[in-house]
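Provided below for reference: sequence and predicted model.
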Amino acid sequence: MTAEIFHPQTYTDAVPYARFAELRRTTPVCWIEEPAVGAWPAGPGYWGVFAHADVKRVLRDPQTFSSHLGGTQIRDPETADDLGFVRAMMLNQDPPAQSRLRRIVAAAFTPRAVRALEETIAERARILVDAALPAGRADFVEAAADLPVWTLARIMGVPDEDRRLLYDWANRVIGYQDTDYAGLTTADAAALSPLGRAALAQRPATMTRPDGRPLNPRSRTGLADMYAYAHGLAAASTDADARAAAAPGAADSAAPAAPTASAGIVPRLLAEGLADAEFENMFFLFAVAGNETLRNGIPGALLTLLQHPDQLADLRRDPEARLDAAVDELLRYWPPVMQFRRTAACDVTLGGRAIRAGDKVVVYHASANRDETVFPDPDRLDLTRSPNDHVSFGFGPHYCLGAHLAKTQMRAMLGQVLTRMPRIRPDGDPVRLTSNFQNGLKHLPVRWD
């Protein structure tokens with residue numbers, strides 16, 4: 001039986017690394033059943049890919065293993081319209097269409113662009129730790145959650161009073177398999193901007209469709225409030241640009257000014273003339289995909305260190321020199337995203353198995369990162385591991401554009417913890433997210449003195 005690999009409840013206890021190791025030894029490409037989960041209907045099943053070499057082969061060959069044909073989530077979109085909509089997302093396209101969208105946003109994530117943010121990210125991490133220190137204890141998941149949300153709000157030009165909406169939208173998408181998260185909303189409507197309140201009014205009243213089946217939280221209907229906000233923010237940016245152009249002296253400018261950090265990336269997206277579906281899906285990538293990964297990766301990294309006190313003590317002796325290698329190893333050991341889907345575009349043989357055109361193919365990053373043929377003693381945390389060919393940020397044409405930004409935020413937050421919370425320790429049991437996609441924590445109680 002392989003259905004447990006798909007079942008979200010499996011991951012509530014732990015990532016099944018021992019089962020992944022068994023599959024790498026016996027059937028590194030194998031058929032995974034896709035049973036019904038609650039109100040979500042059963043699916044047709046898929047090929048799970050568990051060995052490092054096979055995972056990299058799938059990810060680097062979009063002509064054979066397509067992101068566009070069926071999207072990148074295990075579950076098929078419910079309708080043809082839903083599939084058509086998600087296909088407008090960069091994540092769900094293949095080159096050359098994917099390359100066009102990638103070029104549009106790449107400037108926001110270059111090392112140079114991230115370096116310009118490094119000081120403000122470090123300062124924000126310091127402020128978050130300042131706020132937590134007096135209490136002597138915290139839920140680190142909640143304490144760290146604001147850093148990726150705050151960072152993305154700056155990149156996107158989302159006002160501070162609205163950034164909690166980014167948190168809620170991510171909860172709705174990543175936590176739909178978890179009853180604690182699926183309907184969670186934490187934004188205080190009275191504290192939102194007029195734009196935020198207007199968008200909140202578009203929030204679906206229920207996540208259940210008229211036929212009784214769940215509403216896909218990634219669909220246009222399931223995130224109607226987020227897309228309303230995206231268009232409202234775009235209109236506000238356009239109005240601001242028009243006012244700036246009409247200001248005295250504007251006509252003397254030799255060239256139009258580039259979008260400022262406060263304006264965010266939205267003006268750049270508008271200038272590229274994206275279609276509505278492309279714009280909405282790009283907003284999704286920033287607001288949700290760029291948020292959820294760090295919200296799970298940072299607490300997961302701290303939990304890993306707390307479970308390895310000797311290595312935590314070694315890292316604390318010289319964090320500035322050792323954090324770069326440590327962050328890569330923590331990402332290998334606790335990959336925030338456990339799997340991604342492709343669809344076979346033609347008949348192909350992979351790992352000795354005959355895969356037919358149209359079959360779903362799901363690569364397991366979490367398994368590839370523990371492949372004993374690539375990583376000596378793979379179940380051992382080694383904060384000095386080098387080389388470290390983990391695939392936590394993917395591989396090939398879809399390698400994560402935000403990888404450098406993600407590492408910057410992890411270094412900033414962990415650096416604060418290492419230097420300012422010298423006696424941090426568990427204050428209860430961690431609680432894992434119920435999800436077969438995100439390797440997440442809902443709660444990580446810690447204390448210090």
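That came through fine.

Every contact and neighbour count from this point should use C-alpha atoms.
OK.

Show me the strands in this structure, by range?
29-32, 46-49, 65-66, 137-139, 339-344, 348-350, 353-355, 360-364, 425-426, 431-432, 441-443, 445-447 (DSSP state E).

Turn those into CSV, columns for distance to residue 379, mean pLDDT and mean neighbour count.
Below are these laid out as CSV (distance: least, C-alpha to C-alpha, whole Å; pLDDT from 0 to 100; neighbours: other C-alpha atoms under 10 Å):
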stretch, distance to residue 379, mean pLDDT, mean neighbour count
strand 29-32, 21, 98, 21
strand 46-49, 19, 98, 26
strand 65-66, 29, 98, 26
strand 137-139, 27, 97, 18
strand 339-344, 19, 98, 24
strand 348-350, 26, 98, 14
strand 353-355, 27, 98, 15
strand 360-364, 16, 98, 26
strand 425-426, 22, 97, 18
strand 431-432, 20, 96, 17
strand 441-443, 20, 95, 20
strand 445-447, 24, 98, 19
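
closest to residue 333 out of those?
Across the strands of the chain, residue 333 has its closest neighbour in strand 360-364 (13.4 Å, C-alpha to C-alpha).

Residue 213: what's it in contact with?
Neighbour list for residue 213: 39, 40 [criterion: C-alpha atoms under 8 Å, 6 or more residues apart in numbering].

List of residues touching the worst-scoring helix or strand of the chain on mean pLDDT?
Lowest by mean pLDDT, DSSP states H and E among the helices and strands of the chain is helix 179-182, with a mean of 72. Here helix 179-182 makes contact (C-alpha under 8 Å, 6+ apart) with 171, 172, 173, 175, 176.

let's see 10 Å
Contact partners of helix 179-182, identified using C-alpha atoms under 10 Å, 6 or more residues apart in numbering, comprise 168, 170-176, 207, 217, 433-434, 442.

Out of those residues, which comes closest to residue 26?
Closest to residue 26, out of all of the contacts of helix 179-182 and judged by C-alpha to C-alpha, is residue 434, at 27.2 Å.

where does this structure have low pLDDT?
Where the chain drops to pLDDT under 70, the residues are 182-184, 238-263.

And the residue nearest the centre of it?
In the chain, the C-alpha nearest the mean C-alpha coordinate belongs to residue 293, at 3.2 Å (C-alpha atoms, centre = their mean).

rewinding a little: do you know which of the strands of the chain lies nearest residue 404?
strand 339-344 (20.3 Å).

now the angle between strand 360-364 and that closest one, please.
Taking axes from the mean of the first three to the mean of the last three C-alpha atoms, to 10 degrees, one finds that strand 339-344 is oriented at 150 degrees with respect to strand 360-364.

Just checking: what are the partner strands of strand 339-344?
Its sheet considered, strand 339-344 pairs with strand 65-66 (antiparallel), strand 360-364 (antiparallel) by DSSP bridges.

hmm, back to that, quick one: the residue nearest to the residue nearest to the centre of the chain when sequence neighbours are not counted from residue 124, how far?
Among residues not flanking residue 293 along the chain, residue 336 sits closest, at 5.5 Å (C-alpha to C-alpha, 6 or more residues apart in numbering). According to C-alpha to C-alpha, to the nearest Å, residue 336 and residue 124 sit 22 Å apart.

Settle it for me: which of these two has more neighbours?
residue 336 (27 against 19; other C-alpha atoms under 10 Å).

Distance-wise, check that one relative to residue 99.
From residue 336 across to residue 99, the span is 24 Å (C-alpha to C-alpha).

if we can go back for a sec, does the residue nearest to the centre of the chain really touch residue 440, like I thought?
Yes. In this structure, residue 293 is within contact of residue 440 by C-alpha atoms under 10 Å, at 8.7 Å.

so what's in contact with those two at the same time?
Between them, residue 293 and residue 440 share the contacting residues 174, 335, 336, 337, judged by C-alpha under 10 Å, 6+ apart.

can you pull up the bridge partners for the last one?
Read that as residue 337. Applying DSSP bridges, one finds that residue 337 bridges with residue 438.

wait, doesn't it sit right on residue 296?
Yes. Here residue 337 reaches residue 296: they are 8.8 Å apart, a contact under C-alpha under 10 Å.

if I pick residue 350, what's in contact with it?
Residue 350 touches 28, 29, 30, 47, 49, 54, 55, 57, 58, counting by C-alpha under 10 Å, 6+ apart.

what does residue 88 give?
Contacts of residue 88 (C-alpha under 10 Å, 6+ apart): 68, 71, 97-98, 101, 275-282.

okay, now residue 205: neighbour count?
When neighbours are counted by other C-alpha under 10 Å, residue 205 comes out with 8.

Which residues are in contact with the residue nearest to residue 293?
292-301, 365-366, 392-393, 437-441.

wait, doesn't residue 214 sit right on residue 77?
No. Applying C-alpha under 10 Å, one finds residue 214 not in contact with residue 77, separated by 12.0 Å.

All the helices of the stretch 251-400 of the chain, residue numbers only.
Taking DSSP state H, counting those that start in this stretch as the test, the helices found in the stretch 251-400 of the chain are 266-271, 276-284, 290-306, 309-317, 319-333, 365-368.

in the second one, what counts as buried?
Of the residues in helix 276-284, those buried under the neighbour-count criterion (16 or more other C-alpha atoms under 10 Å) are 277, 278, 279, 280, 281, 282, 283, 284.

One more: the first one?
Within helix 266-271, the residues that qualify as buried by neighbour count (16+ other C-alpha under 10 Å) are 266, 267, 268, 269, 270.

Return the residues in contact with the first one.
Okay, so that is residue 266. 155-158, 230-231, 233-238, 259, 279, 282-283.
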